[in-house]
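K.L.:
Okay, predicted coordinates and the sequence, questions at the end:
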Amino acid sequence: MFNEVKIEQLTSTEEHMEELSELLIQVVEDGASIGFLPPLELADAMGYWEDILKPEVLLFVAKRNNRIIGSIQLHLCSKQNGQHRAEIAKLMTHPHYRRSGIGRQLMFKAENRALREGRTLLVLDTREGDPSNKLYTSLGYIQAGKIPYYAESAGGEFHATVFYYKKINE
């Protein structure tokens, strides 16, 4: 089907730089707490994507009609005592496509890849009160705790971040 969402891994950001940067700008502008504050300049967004891919960082994107509408990263722990774990990072869905299951599909893709990489523990964090908290708990993630005053918003307020974990080998 033409409108079907396809999830694929990117091994290079070069040919997708414009779309990835636009996605990042749009989600930051919409208020996502992913390390940036609005207004996010195109050069800053491009600079982020230029350096993101490393052997321990896997990037997956959601495409509809061959356009990137979402992304997620899986950060494989490279420490000797952490070969069993990975971190879910920067789950993004373009604001026009929210609440259509794209985030869930990206999470499933990251979890499946983590299993293939021999990872049995996933961790992540998100701003307290964001809709993503409901997504993560619906997927079986368990709240481990929170840190107050963790991230600043565009308006200068400070927000807590909530840490979650999930064992995936069961």
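P.N.:
Nice, thanks for sending it over. Residues are numbered from 1 along each chain as shown.

K.L.:
what about the strands in the protein?
P.N.:
For the chain, the strands defined by DSSP state E cover 5-10, 57-64, 67-76, 85-93, 121-127, 142-152, 158-167.

K.L.:
quick one: the residue nearest the centre of the chain and L59, what's the gap?
P.N.:
Central residue of the chain (C-alpha atoms, centre = their mean): L91, 2.0 Å from the mean position. Separation of L91 from L59 (C-beta to C-beta, to the nearest Å) stands at 12 Å. For every residue, glycine as well, the C-beta is placed using N, CA and C.

K.L.:
cool, H94 as well?
P.N.:
16 Å.

K.L.:
Check K134 too.
P.N.:
Taken as C-beta to C-beta, the span from K134 to L59 is 24 Å.

K.L.:
Please apply the same query to Y136.
P.N.:
Distance of Y136 to L59, computed by C-beta to C-beta: 20 Å.

K.L.:
for E4, same thing?
P.N.:
Counting by C-beta to C-beta, the gap from E4 to L59 is 20 Å.

K.L.:
thinking again about what came up before, between K134 and L59, which has more neighbouring residues?
P.N.:
Neighbour count, other C-beta atoms under 10 Å: between K134 and L59, L59 has more, with 22 against 9.

K.L.:
Can you tell me the closest non-neighbouring residue to the more buried one?
P.N.:
Spatial nearest neighbour of L59, chain neighbours left out: L10 (4.8 Å); criterion: C-beta to C-beta, 6 or more residues apart in numbering.

K.L.:
Quick check: neighbours shared by L91 and L59?
P.N.:
Counting by C-beta atoms under 8 Å, 6 or more residues apart in numbering, the contacts common to L91 and L59 are S71, I72.

K.L.:
which residues does the residue nearest to G103 when sequence neighbours are not counted contact?
P.N.:
Closest residue in space to G103, ignoring its immediate chain neighbours: T93 at 5.1 Å, by C-beta to C-beta, 6+ apart. Contact analysis of T93 by C-beta under 8 Å, 6+ apart lists V27, A62, I69, G70, I102, G103, L106.

K.L.:
per-residue confidence at T93?
P.N.:
Looking at T93, its pLDDT is 98.

K.L.:
how about JSON lines for the strands of the chain, with distance to W49 added?
P.N.:
Formatted as JSON lines, these follow (distance: least, C-beta to C-beta, whole Å):
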{"stretch": "strand 5-10", "distance to W49": "10"}
{"stretch": "strand 57-64", "distance to W49": "9"}
{"stretch": "strand 67-76", "distance to W49": "10"}
{"stretch": "strand 85-93", "distance to W49": "11"}
{"stretch": "strand 121-127", "distance to W49": "20"}
{"stretch": "strand 142-152", "distance to W49": "21"}
{"stretch": "strand 158-167", "distance to W49": "23"}
